[in-house]
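Chemist: next comes the sequence, and after it the predicted model I'd like to discuss.
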Amino acid sequence: MRIPALLALLATLVAPVSVLADEPDRVILSLEDFLELYEKNREPVEESPHDFAIASAQYRGRVVVEGDKPRSVTFRATLHVNVLRKRGWVRVRLLPVTTALQSATVGGVEVPVVIEDGYYTMVTDARGPLEVELGFAASVITVEGRSHVGFDLTPSGATSVELRVRSDHDLEFSVPQARLQSDEVRGDERTMRATLPSTDSLAIDWQKKVPVEAAQQARIYAEVFSLVSIGDGVMQVSATVNHTILFADVDRFEIEVPSGMTVLDTRGAGIRDWTLRPDGHLEIALNYAARGEYQVELSMEKAIGEQTQNLSAPIVKPIGVERVKGWLGVEVRGNLEVGGGEITNATVVDVRSLPAQILGITSQPVLLGYKYLGSDATVPLAVARHDDVDVLVTLIDQVRARTMWTPQGRRLTSVKYQLRNNRRQFLRLRLPEGAELWSASVGGRAVQPARAADAQVMIPLVRSQSSGGSLAAFAVEVVYVESAAPTEASGQGQFAATLPSADVPSTYVAWTVYSPSDARIRRRTVEGTLTEVEALSNPIPEEDMFYIQTETPQVQAQAVEQTDAGAMGTGAVPVPVSLPLSGVPVYFEKLLALGEPLDVAFEYRGLRTHTR
């Protein structure tokens with residue numbers, strides 16, 4: 001308490017205060033007033049940032065064995081806890097509820113324990129250092145000869161663990177994150193000790209060592225199932241080796257890898273490690289001793305280039321086995337042709353008779369099949385590479401054009417392409433000579449086209465969405481205007497127009513020309529690459545049409561992305577143009593436009609001069 005400040009406050013206190021006449025320096029006040037004054041003026045006490053801290057923790061466990069298998073571990077743990085909060089109750093997390101808590105004491109006295117957030121939690125109002133003794137049990141999981149015990153911890157400054165295992169065999173222990181680890185044997189009990197850094201979990205694994213003499217007495221028979229895949233300049237092999245182990249346990253296998261092959265992966269139950277030696281032998285070490293059936297799966301590859309060549313099918317050879325038999329399948333990816341050569345110690349079989357271990361791991365057709373007995377079989381392969389043939393990646397399903405012309409010689413044309421695009425970036429159009437492009441749109445959204453060096457107009461495309469197992473079409477539309485000679489005063493004249501030439505083939509072209517209502521077309525004068533018809537035939541079957549509507553969000557989103565990236569012009573805001581239609585329609589169409597000009601011409605008469 002700050003004495004000067006308290007005296008100053010006492011001097012200013014008015015009621016209730018009494019001063020003795022013979023002792024003028026004394027002040028008398030009630031207990032409540034004094035306590036209130038004391039609380040206001042005492043030094044503030046800074047609280048600890050943590051309620052508690054565990055300085056160190058020791059875990060001592062003993063494995064409980066039923067029969068010859070470990071079932072659980074009983075632990076005694078000592079936690080050196082320091083309660084840091086000055087007042088009130090404190091909750092100290094002890095162990096997760098996945099363990100079975102048997103007791104929790106401080107100084108030999110049971111302490112209250114509750115379950116909160118999946119943890120056994122001690123509740124105490126004691127202060128300072130506490131030594132908490134815990135008794136609990138944790139289950140042991142044994143898989144493929146490897147035993148494991150583990151659970152979460154409340155982190156402590158220092159953590160040590162001791163595990164006692166009764167065993168007549170040599171054991172190997174593994175404690176993740178352990179900085180110091182040792183084990184010793186006393187009688188028929190092995191004790192492992194480890195020191196860990198501050199951690200929130202504890203895991204201990206152990207397994208038996210297999211005597212070397214036992215592995216040497218085993219008899220092993222092997223079956224090999226190999227699928228060879230050739231394509232893209234690489235030969236890949238997926239091999240499955242099934243071992244049948246008799247008379248003794250085995251914890252190591254050795255396989256000879258075909259020359260030049262790179263082992264990408266080795267898979268099998270309980271594999272501890274695998275190593276490819278310089279002599280091409282693959283050594284596989286297990287976590288346990290296997291007996292009966294054991295399977296190893298290998299993934300390998302080898303670069304073979306892209307030229308036509310003769311190869312030898314890679315055959316995996318297990319080492320140290322009594323007998324080996326195998327099956328081999330060959331598949332091809334890409335435009336390759338493969339054939340078999342003169343085989344040695346092998347037999348050609350119908351690919352349909354190959355085992356499921358080969359046919360079941362590929363969706364490609366298996367072209368060649370072989371079986372062999374022994375480890376000295378050879379299967380030559382002749383691989384011929386053929387050039388790819390270019391195919392269409394973009395196609396215009398149909399072109400629908402509409403043109404309106406006036407007596408003054410003005411022509412306004414709208415051309416809509418229903419187009420399927422796989423990976424082309426632009427649609428290139430050569431507009432009629434003198435035509436002025438007014439607008440362009442892709443997927444119903446106005447875009448900014450570009451002009452190539454050869455004066456062609458480049459319309460940026462989006463990629464077609466998949467629909468019904470096929471690529472769906474989307475709309476590309478251009479609107480342009482032309483000027484021609486006006487109609488003569490006699491009301492006679494000639495109409496001659498050409499549609500834009502695209503660099504993509506079209507399966508169907510329909511063109512509707514709207515003439516002024518007074519104009520009478522001379523039918524015998526109609527000519528051009530399109531044929532005049534009474535009505536458009538729409539020859540594309542309905543089941544072949546997978547169109548995306550122009551307002552489809554996916555197509556709109558692609559167009560927006562291209563615009564934002566600058567592909568459709570930076571800073572430009574194209575204006576969509578609508579085509580005003582009036583007059584008498586005349587229909588023209590054409591099937592399979594493969595790059596030739598698309599033009600129409602006819603003569604007319606009777607156009608009255610007042611319409612000009």
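Modeler: Here it is on my side, so go on.
Chemist: got a list of contacts for whichever strand or helix holds residue 508?
Modeler: Per DSSP states H and E: residue 508 is located in strand 506-515. The contact list for strand 506-515 (Cβ atoms under 8 Å, 6 or more residues apart in numbering) reads 395-405, 417, 495, 497, 499, 521, 530, 536, 538-540, 581-593, 598, 600, 604. (C-beta placed from N, C-alpha, C; glycine too.)
Chemist: can you rerun that using 6 Å?
Modeler: 396-404, 530, 536, 539-540, 581, 583-591, 593, 598 (Cβ atoms under 6 Å, 6 or more residues apart in numbering).
Chemist: these, buried ones only, as a ChimeraX selection?
Modeler: Buried members of those, defined by 16 or more other Cβ atoms under 10 Å, are picked up in ChimeraX with:
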select :396,397,398,399,400,401,402,403,404,530,586,587,588,589,590,593,598
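Chemist: from the contacts of strand 506-515, which land in strands?
Modeler: 396-404, 584-591, 593 (DSSP state E).
Chemist: ok so, going back, return the set of buried residues in the strand holding residue 508.
Modeler: Going by 16+ other Cβ under 10 Å, strand 506-515 has these buried residues: 506, 507, 508, 509, 510, 511, 512, 513, 514, 515.
Chemist: check contacts around residue 264.
Modeler: Per Cβ under 6 Å, 6+ apart, neighbours of residue 264: residue 299.
Chemist: ok, residue 309 next?
Modeler: residue 383.
Chemist: what distance do you get for it to residue 384?
Modeler: According to Cβ to Cβ, to the nearest Å, residue 309 and residue 384 sit 9 Å apart.
Chemist: same check, this time on residue 535
Modeler: Taking Cβ to Cβ, one finds residue 535 at 53 Å from residue 384.
Chemist: burial measure for residue 411, as a count.
Modeler: 18 (other Cβ atoms under 10 Å).
Chemist: first-to-last residue distance for stretch 137-150?
Modeler: Stretch 137-150 has an end-to-end distance of 11 Å (Cα to Cα, to the nearest Å).
Chemist: how far off centre is that stretch?
Modeler: Distance of stretch 137-150 from its chain centroid, counting by Cα atoms, centre = their mean, to the nearest Å, is 33 Å.
Chemist: return the set of buried residues in that stretch.
Modeler: Here stretch 137-150 shows 137, 138, 140, 145, 146, 147, 148, 149, 150 as buried, counting by 16+ other Cβ under 10 Å.
Chemist: who's the second one bridged to?
Modeler: This points to residue 138. Per DSSP bridges, the residues bridged to residue 138 are residue 73.
Chemist: quick one: contacts for it?
Modeler: Residue 138 touches 73, 99, 149, 151, counting by Cβ under 6 Å, 6+ apart.
Chemist: with respect to residue 258, which of the residues you listed is nearest?
Modeler: Distance to residue 258, by Cβ to Cβ, is smallest for residue 149 among the contacts of residue 138, at 42.6 Å.
Chemist: next, give phi and psi for the closest one.
Modeler: phi -130, psi 140 (degrees, to the nearest 10).
Chemist: angles on the backbone of residue 268, please.
Modeler: Torsion angles, degrees, to the nearest 10, at residue 268: phi -180, psi 160.
Chemist: before we move on, what about residue 353?
Modeler: Residue torsions, per degrees, to the nearest 10, at residue 353 are phi -90, psi 0.
Chemist: now do it against residue 370, distance only.
Modeler: 11 Å.
Chemist: kindly report the same for residue 191.
Modeler: In terms of Cβ to Cβ, residue 191 sits 56 Å off from residue 370.
Chemist: more neighbours: which of the two?
Modeler: residue 370 (23 against 15).
Chemist: dig out what the more buried one forms beta bridges with.
Modeler: Beta-bridge partners, per DSSP bridges, of residue 370: residue 328, residue 348.
Chemist: for it, give me its contacts.
Modeler: By Cβ under 6 Å, 6+ apart, the neighbours of residue 370 are 328, 346, 348, 379.
Chemist: hang on, the earlier thing: most neighbours, which of the contacts of residue 138?
Modeler: Within the contacts of residue 138, residue 73 tops the neighbour count with 23 neighbours, counted by other Cβ under 10 Å.
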